[in-house]
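>>> can you look at this prediction? I've put the sequence above it.
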Amino acid sequence: MSSATPADILARRRQLTMDGDADGLAELYSLDAVIELPFAWPSDTPMRLTGRDAIREYAQRITASPMRLDSYEVAELYQTQNPEVVIVEMRGKATMTATGRSFTTTSIQILEIRDGQIVLFRDYANPRVLEDLLGETHQ
């Protein structure tokens, strides 16, 4: 059993994300972890990823995208009655490298963390931020 707290795991996730370390990020997840993206967009973004290999592939795709993450912070961290489940309000700023346009976004994330690894991650991000930035409509 890991002694890492949810705040420790989130700090590690933040650092790996800012470093663009897709492999390190994938290692934060259990082998059978699930990521759910209920508002996934654009259309080629999966709404559900199952297993560390799928998570690694997705993380590699994101880190190779034309989006540079400028900041990524935990704004609020809420502990639920279940000690393995936390709710997080994340704030991020990023720049589209191809256009130089930047944006700020907030998302609500629910994480289940067991034995120092993320077993479930749900990200409720607003797709309209990217729609507005790219001038495309979410279907």
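Here it is on my side, so go on.
>>> please make it C-alpha for all contacts and neighbour counts, starting now.
Fine.
>>> report the contact partners of residue 104.
Taking CA atoms under 8 Å, 6 or more residues apart in numbering as the criterion, residue 104 is in contact with 91, 92, 93, 94, 129.
>>> how about 6 Å then?
Contacts for residue 104 (CA atoms under 6 Å, 6 or more residues apart in numbering) come out as 92, 93.
>>> and the residue nearest the centre of this protein?
Centroid check for the chain by CA atoms, centre = their mean gives residue 123 as the closest residue, at 6.6 Å.
>>> keeping just the C-alphas, turn the longest helix that the chain contains into PDB.
What stands out as the longest helix in the chain, according to DSSP state H, is helix 6-19. In PDB, the C-alpha atoms belonging to helix 6-19 read as follows (Å, rounded to 0.1, in the frame of the first residue of the first chain):
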ATOM      1  CA  PRO A   6      -4.200  12.200  -3.500                       C
ATOM      2  CA  ALA A   7      -2.400  15.600  -3.300                       C
ATOM      3  CA  ASP A   8       0.900  13.900  -3.800                       C
ATOM      4  CA  ILE A   9      -0.400  12.000  -6.900                       C
ATOM      5  CA  LEU A  10      -2.000  15.100  -8.300                       C
ATOM      6  CA  ALA A  11       1.300  17.000  -7.800                       C
ATOM      7  CA  ARG A  12       3.200  14.300  -9.600                       C
ATOM      8  CA  ARG A  13       0.600  14.200 -12.400                       C
ATOM      9  CA  ARG A  14       0.900  18.000 -12.800                       C
ATOM     10  CA  GLN A  15       4.700  17.800 -13.000                       C
ATOM     11  CA  LEU A  16       4.700  14.900 -15.600                       C
ATOM     12  CA  THR A  17       2.000  16.800 -17.600                       C
ATOM     13  CA  MET A  18       4.000  20.000 -17.600                       C
ATOM     14  CA  ASP A  19       7.200  18.100 -18.600                       C
END
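>>> what is the burial count for residue 56?
By the criterion of other CA atoms under 10 Å, residue 56 has 20 neighbours.
>>> how about residue 79?
12.
>>> got it, and residue 65?
Neighbour tally, residue 65, other CA under 10 Å: 11.
>>> hey, where'd the strands end up in this protein?
29-36, 48-50, 67-79, 85-96, 102-114, 117-125 (DSSP state E).
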